[in-house]
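*Asks:* quick one, structure for this:
(2 chains)
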Protein chains: 2
Amino acid sequence: MSPKGLDYDSINENVKKAQYAVRGELYLRASELQKEGKKIIFTNVGNPHALGQKPLTFPRQVVALCQAPFLLDDPNVGLVFPADAIARAKHYLSLTSGGLGAYSDSRGLPGIRKEVAEFIERRDGYPSDPELIFLTDGASKGVMQILSTIIRGPGDGILVPVPQYPLYSAAISLYGGSLVPYYLEETENWALDINNLRQSVAKARSNGISVRAMVIINPGNPTGQCLSIDNLKEILRFCYRESIVLLGDEVYQQNIYQDERPFISSRKVLLDMGPPISKEVQLVSYHTVSKGYWGECGQRGGYFEMTNIPPETVDEIYKVASISLSPNVPGQIFMGLMVNPPKPGDISYLKFELESKGILESLRRRARMMTDGFNSCKNVICNFTEGAMYSFPQIKLPPKAIEAAKRAGKVPDVFYCLKLLEATGISTVPGSGFGQKEGVFHLRTTILPAEEDMPGIMESFKKFNDAFMTQYEDRGGYSRM
Amino acid sequence: MSPKGLDYDSINENVKKAQYAVRGELYLRASELQKEGKKIIFTNVGNPHALGQKPLTFPRQVVALCQAPFLLDDPNVGLVFPADAIARAKHYLSLTSGGLGAYSDSRGLPGIRKEVAEFIERRDGYPSDPELIFLTDGASKGVMQILSTIIRGPGDGILVPVPQYPLYSAAISLYGGSLVPYYLEETENWALDINNLRQSVAKARSNGISVRAMVIINPGNPTGQCLSIDNLKEILRFCYRESIVLLGDEVYQQNIYQDERPFISSRKVLLDMGPPISKEVQLVSYHTVSKGYWGECGQRGGYFEMTNIPPETVDEIYKVASISLSPNVPGQIFMGLMVNPPKPGDISYLKFELESKGILESLRRRARMMTDGFNSCKNVICNFTEGAMYSFPQIKLPPKAIEAAKRAGKVPDVFYCLKLLEATGISTVPGSGFGQKEGVFHLRTTILPAEEDMPGIMESFKKFNDAFMTQYEDRGGYSRM
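*Replies:* Residues are numbered from 1 along each chain as shown, chains lettered A, B, ... in the order given. Below is the predicted model:
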């Protein structure tokens, strides 16, 4: 018989090429071990609630009431819900036409897009247009939509930081484009070197690639750095000169763990620079309810905002969004709540502040504990997590370990991470899943395990690592930095 | 300056080619008129809650409790929620790892996929494997994922019924494949003619197209027919002989408005046929919480189930699903509730039965009212809506109306539907958005307006239509059937 449409040999090759290490070999092995009864600490993905983070109470009250609008008429509702949550639920229901069960406009509810625009204006000091804000089922879906709009074929290149979050490499493969890497400098705390960026573009062009867009992840994933204003300005000037669309992945903007380098949006820097740059550079920036102190990953809420994108293109993006009708409406309401949390004087204000500050301060402590823990290990060095949710230590693997990995048919950092998983139950992602310089090895872990578990986890890591290093030690030297 | 990545002229041409009439020109005009204060009856999209259908109480109670798990410990919770909703919420929370705020497995929560598999087994009489069921953010997302897996380029053809639901044409354009139309027979109540199907495939092949998959929509959208077992058998034999993947869009399986032709799943017919067909035909079938008597469109819950798909391909589909991490978790719980509604003896059983039967019986009456209403109009003929949510009357436009449309620069049915919208506020979708035979015109409307509004809407339609027909009347005859 002739081959069938879903036979492995006859499916779309781009599907096969896409790789997504965050849920790759390590995750699959961890899931198996869990099924067998082993205790697994899933630090492979930024999924705070899965590691015990409690949801913020007020937003959950509001969305619960929106799901059960019949409660709003129940005389007993005040016994279980505070008045401001009831009022807010009524407000959001009034923005829908038919409650949570009705499709919204394909860009999301107009009333919530307006609240997002007001948030952006407060954050950046420049007005934002709700018509240029699209709500999405999490930020990833928006990233994928924009990349699929830009990429026409293998001649189209997208600049992506290395190390990168593999959503980008995976989506670029899926849409048949070319990933153009630019390297972040580990010894400079993962700063972006503009000369390196220029060289990457020159090299891509010499290979016939037209570089059409550039991704920045700020704060960095997996690298945890916060970009400086100067760095952002250099990037924007570069995008201006080279006519490159900037995709600003800013989903970790609430996750900042130091005071020297607060989060500054690429949009604010762009608009601060004034014309012609502020009028010319095409920017799409992303946000989500999955990160920050919210961590509402499972709700799938996000948005992207477009700056300097021509209206005809916005129409096309709207049309494509409409094919899948609308983002999920509860996720939209979470986004509304995120950009419009309880205010001083509201009944729920103090509780909300207590909960959100508690999470953020604990994350800050955990970032410190993790960095210090890694740096106390043999052959491990680690930059401090300035922001985001990850630690990305470099693991200096001895040559004998690299040889052992080769014999086992594994990439060396995969080999290391698998051994770590089997020995300790800690499920990480090998650095090769994010890209790294040749011969240098890392792993990514989230900083999300519960604070009280952190000392035990770091101790368990150190015990494994130091024994591993001793096992493979070779006085002849380690893999080069 | 050189063109920028998101300039209209430089974006992906496939994005521009995609058309989605359900939210196209008519919808955009209706939205404008609404903004200007005109009362619009949105019958362009199957969005029941937007037209006043109330959500089923029990599922909303369960999901509200899952959103607010702190209520489960509240001594007052029993005052506002019944005990079986509380128990069910605890059950679903126990299937998550971290509640609704945690990403699930990228295929959906294993416990809910198991409930879906049990539902499929009860429905079809054959066991179903939860590992071959993927939960999705509504059925559309799953359709898009499978099409993007199958389509490699313009040489790959997908058989799509005409008239069709434009998700299919839009997605095929977006992924750069070729749509191969097969025509449903309006005079045979939109049955599928297998000879026509053969001719379509032969014609596509003579144009160098390799036909790789076939879409059936059963019950039909926009056409409202239910496929007979004989028709389904012919289709499956055809797919077997031609090595064609069958995509069974069965999202309207609960929406049946006659007793002669109940819904039968393509999977049941396939497995009833026995080997070799039952072992060979690759089938992907779809379901959703957006339709039926649920109508929970805004929640974005759905699934697809795969039969006879090789494990290596399933792994690739899993990998691509993992790039966007997980479908929204509340939508997954709605799917769990849909396949596992309250049972006799449960506290909420009677209320649930009353609500769901009430909706379904009213839809049945509305289907009848709408068909009869259209058939009472001048130059309008309409098949009865056996299932789904739509009426798809043929509008026999007089030559003078067609000429007037041409002068206005409009496709004739768009011209008619725009006039209808301006005159009555009824927002429909022109038949050209779904595809139709040359020179034949239709419109699609949902049967969803509230039952008490239906006589007024049909009267308003008739008044407009009959005046329109009189205005453009020409004793020379009408456009051919």
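
*Asks:* when you work out contacts or count neighbours from here on, use the C-alpha atoms and nothing else.
*Replies:* Fine.

*Asks:* surely A:V329 meets A:Y103?
*Replies:* Yes - A:V329 is in contact with A:Y103 according to CA atoms under 8 Å; the separation is 7.4 Å.

*Asks:* what touches both of the two?
*Replies:* Residues touching both A:V329 and A:Y103 (CA atoms under 8 Å, 6 or more residues apart in numbering or on different chains) are B:G298.

*Asks:* now do the strands in the stretch 1-150 of chain A.
*Replies:* A:41-42, A:133-136 (DSSP state E, counting those that start in this stretch).

*Asks:* the residue nearest to A:Q34 when sequence neighbours are not counted and chain B: what is the separation?
*Replies:* Excluding its sequence neighbours, the residue lying closest to A:Q34 (CA to CA, 6 or more residues apart in numbering or on different chains) is A:I40, at 6.1 Å. Distance from A:I40 to chain B, counting by CA to the nearest CA, to the nearest Å: 12 Å.

*Asks:* so what's A:K268 up against?
*Replies:* A:D124, A:G125, A:Y126.

*Asks:* so which of these belong to helices?
*Replies:* Taking DSSP state H, the ones among these that sit in helices are A:D124.

*Asks:* closest to chain B among the contacts of A:K268?
*Replies:* Nearest to chain B among those, counting by CA to the nearest CA, is A:Y126 at 22.4 Å.

*Asks:* what is the burial count for that closest one?
*Replies:* By the criterion of other CA atoms under 10 Å in any protein chain shown, A:Y126 has 14 neighbours.

*Asks:* on the pLDDT front, check A:R480 for me.
*Replies:* A:R480 carries a pLDDT score of 44 in this model.

*Asks:* correction: A:G435
*Replies:* For A:G435, pLDDT reads 87.

*Asks:* how about it, phi and psi?
*Replies:* For A:G435, the backbone dihedrals (degrees, to the nearest 10) come out as phi 90, psi 140.

*Asks:* next up, the contacts around A:N375.
*Replies:* Residues near A:N375 by CA under 8 Å, 6+ apart: A:I381, A:C382.

*Asks:* let's see the pLDDT reported for it.
*Replies:* As predicted, A:N375 sits at a pLDDT of 98.

*Asks:* interface residues of the stretch 301-450 of chain A facing chain B?
*Replies:* A:309-310, A:312-313, A:316, A:319-320, A:322-324, A:326-330 (CA under 8 Å from any CA of the partner chain).

*Asks:* can you rerun that using 6 Å?
*Replies:* Residues of the stretch 301-450 of chain A found near chain B (CA under 6 Å from any CA of the partner chain) are A:T313, A:I323, A:S324, A:N328, A:V329.

*Asks:* what sits closest to the third one if chain neighbours are left out?
*Replies:* In this case it means A:S324. Once flanking residues are discounted, A:S324 sits nearest to B:S140: 5.7 Å by CA to CA, 6+ apart.

*Asks:* note down every partner strand of the host helix or strand of A:Y286 and its orientation.
*Replies:* Using DSSP states H and E, A:Y286 sits in strand A:283-288. Strand A:283-288 has these partner strands in its sheet, going by DSSP bridges: strand A:245-249 (parallel), strand A:302-307 (antiparallel).

*Asks:* and the residue nearest in space to the middle of chain A, how far from chain B?
*Replies:* Nearest residue to the geometric centre of chain A (CA atoms, centre = their mean): A:V251, 5.7 Å. Separation of A:V251 from chain B (CA to the nearest CA): 14 Å.

*Asks:* tell me the contacts of that residue?
*Replies:* A:H287, A:T288 (CA atoms under 6 Å, 6 or more residues apart in numbering or on different chains).

*Asks:* next, it: phi, psi?
*Replies:* Dihedral angles (degrees, to the nearest 10) for A:V251: phi -70, psi -20.

*Asks:* one more: A:F81?
*Replies:* Per degrees, to the nearest 10, the backbone of A:F81 is at phi -130, psi 140.

*Asks:* number of residues surrounding it?
*Replies:* By other CA under 10 Å, 18 other residues sit near A:F81.

*Asks:* thank you kindly, that will do.
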